[in-house]
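Engineer: No sequence on hand, only this structure:
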C-alpha cells in the first residue's frame, strides 16, 4: 500500500472513531505504518490532531450524508451573488434558507451520532461551524474531507458590499448625507455705535421627546454588546484550552514514541539475555563434563 493510501485510511478511521479513543488508536496506526516500512506515513499519522466533540459530530455527518458539502457550497455561492448585487429581497430569502438548512443539517448530525438532546454549547458549535463552512473555503474543505479538528466561526459571505450612494435627479452621484448638523445659533443684531436692543427673557426650549421604544432599543443594544463580548471571551478561552490540549497531545505523542522505543529495546534485551543464559548453562555443563 502506498504512503498516501495508508495515511488516508488511517485519517478516515481516526476521524470516524470516538474521540476518546483517538490518541491510543493513532499510536497503534503509526506503529503499524512504521512496521510496514512507511516512516513518512507514520510521521503524518502522528501529526493528526484529536477533533473536538463538535468537529467529530460534523465529520460523522458528512460521512453519513456525502452531499452536505456541495449543498452548503451552492447556497454560499447564491448568498455571495445576492450580496454583491445588493438584492435585498434575495438576501432575505436566502438568509431564511440558510437558517433552515443549518438547523436541518444540525439535526441530521446529532441523529447520525445518536444524540437526541445535545448540550446547548455543543449545538451552538455545530451550527456555527456549518455557518462558517458557507463562507470560509478552508472550513468547507476540511468539512468535505471529514477531517475537521475544531469548531469554527465566520461572519459574512465574502468581501463587504460597496458603499451606498444617492443618485440625484440630474443623474449625478453624491455620497450619502452625513448626520444632520446642529442648528446654527442666531446672529445677534447690532447697530454700529449702539448697544443691542434688550430682549425679554425666554425659556430654553424643551428637549425633543424621545421616540417610543428608544429606551427599550438602547437596552437591547447594550445586552447585545454584552453578549457579543461574552461570546468573544468564551471563544478566546476555548482556543486557549484547545491549544493547551494539543500541546499536551504532542507531549503524550513524544512520550508514547519513547515508550514504544523503550519497549522494543527491552524486548531485544530480554531476547539477548535469554540467549546469554542459555549459552551460560551450556558452558557450565561442558565444564562439568570435562571435570568429571
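Structural biologist: Sure thing, it's come through. Being a predicted model, the structure only gives us computed values, none of them experimental. Residues are numbered from 1 along each chain as shown.
Engineer: Now tell me what touches stretch 57-71 from outside.
Structural biologist: With contacts defined as Cβ atoms under 8 Å, 6 or more residues apart in numbering, stretch 57-71 is touched by 15-16, 51, 101, 105, 108-110, 112-113, 115, 118, 122, 126, 129-130, 133, 140, 143-144, 146-148. From N, CA and C alone the C-beta is placed, and that goes for glycine too.
Engineer: What subset of those is buried?
Structural biologist: 15, 51, 101, 105, 109-110, 112-113, 118, 122, 126, 129-130, 133, 140, 143-144, 146-148 (16 or more other Cβ atoms under 10 Å).
Engineer: And the helix ranked longest in the chain, what does it pack against?
Structural biologist: Looking across the chain with DSSP state H, the single longest helix is helix 214-291. When contacts are defined as 3 or more Cβ pairs under 8 Å, 6 or more residues apart in numbering; DSSP states H and E, helix 214-291 packs onto helix 22-35.
Engineer: which helices and strands sit right next to the helix it packs on?
Structural biologist: Contacting helix 22-35 under the criterion 3+ Cβ pairs under 8 Å, 6+ apart are the following elements: helix 3-16, helix 39-46, helix 214-291.
Engineer: distance between stretch 85-97 and the chain's centre?
Structural biologist: Averaging C-alpha positions (Cα atoms, centre = their mean, to the nearest Å) puts stretch 85-97 25 Å from its chain's average.
Engineer: and what of stretch 260-280?
Structural biologist: For stretch 260-280, the distance to the chain centre is 49 Å (Cα atoms, centre = their mean).
Engineer: which residues sit against that stretch?
Structural biologist: Against stretch 260-280 from outside (Cβ under 8 Å, 6+ apart): 27, 31.
Engineer: do the same with stretch 137-149
Structural biologist: 11-12, 15-16, 48-52, 55-56, 58-59, 62-63, 68-69, 72-73, 76, 129, 132-134, 152, 154.
Engineer: Which entries within the residues you listed meet the buried criterion?
Structural biologist: Buried among the contacts of stretch 137-149 (16+ other Cβ under 10 Å): 11, 15, 48-52, 55-56, 58-59, 62, 68-69, 72, 76, 129, 132-134, 152.
Engineer: Low-confidence regions, the stretch 101-250 of the chain specifically.
Structural biologist: Along the stretch 101-250 of the chain, segments meeting pLDDT under 70 span 155-212, 214, 217, 228-229, 231-233, 235-236, 238-240, 242-243, 246-247, 249-250.
Engineer: Thank you kindly, that will do.
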